[in-house]
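Q: Need coordinates for the below:
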Amino acid sequence: MVTTRTARADDEAFVLALTDRLADFPLPGWRTATDIAHADHHLLRAALQRPSPDILLLIAEDSGGLPVGFAFATSRHDYFTGAPQAHVETLALEEQVQGQGVARVLMAAVETWAHERGCASVTLNVFETNARARGLYAHLGYQPETLHYIKPL
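A: All right, here's what the predicted structure looks like:
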C-alpha cells in the first residue's frame, strides 16, 4: 500500500539523494549522470523551503511510512493556447519499488492536483533513451507532442 503526502522541509535529504536515480538509463553522450541528477536541486530546495500553491511536491510512502519516491510538478501555461497546465518536473523512485505501482500513484495524484486547479493537461519531458519512463507514460495515456509527452485531462 502506497500513500502520498505533501513534502516537508525535513524531506530534503531524501529528495535530493533520490535524484541520482534520474540518470538510471542510457544517457546521451553529451549528458552526464551528475548533470541530470543535480539539475533540479535548486528548484526542489526552493519548493521545500518556500511552498506555493503553484508547486506540488509529493512524497510516496510505503505501508511502514518510509519514503520511496517523489513527484514534483509546477503550474504553467500552454505555449500555443495559454491554457493552464501542470508540468511534471521530476518523478523519482527507489529502485526496490520500481514496477510496483508507485509511479502510477504519484502521477494520479499529480493529475488530480492539476484537474482541481483547472488545468487542461499535464505535460512532462523524458529523454528519448529512457525507454522505461517512456513506456510508463505511454501506459498512463500520455502522448508525444514535439519532444515531450502530454495527457489531456
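
Q: following the longest helix anywhere in the chain, which helix or strand comes up?
A: Determined from DSSP state H, the single longest helix within the chain is helix 102-116. Note on helix 102-116: by DSSP states H and E, the next helix or strand toward the C-terminus is strand 121-125.

Q: And the strands in this structure, which stretches?
A: Under the criterion DSSP state E, the chain carries strands at the ranges 3-6, 55-61, 67-77, 84-93, 121-125, 143-145, 148-152.

Q: mind checking which helix or strand of the protein has the lowest mean pLDDT?
A: strand 148-152 (a mean of 55; mean pLDDT, DSSP states H and E).

Q: quick revisit: between the longest helix of the chain and strand 121-125, how many degrees?
A: 140 degrees (axes from the mean of the first three to the mean of the last three Cα atoms, to 10 degrees).

Q: sorry, back to before: mean pLDDT lowest where, among the strands of the chain?
A: Mean pLDDT per stretch puts strand 148-152 lowest among the strands of the chain, at a mean of 55.

Q: What does the pLDDT read for Pro28?
A: 86.

Q: Just give me the neighbour total for it.
A: When neighbours are defined as other Cβ atoms under 10 Å, Pro28 has 10 of them. Quick note: C-beta positions are derived from backbone N, CA and C, even for glycine.

Q: still on that earlier bit, between the strands of the chain, which one is nearest to Glu111?
A: Evaluated with Cβ to Cβ, those place strand 121-125 nearest to Glu111, the distance being 5.7 Å.

Q: hang on, Ile59 packs against Ala7?
A: Yes. Using Cβ atoms under 8 Å, Ile59 is in contact with Ala7, at 5.0 Å.
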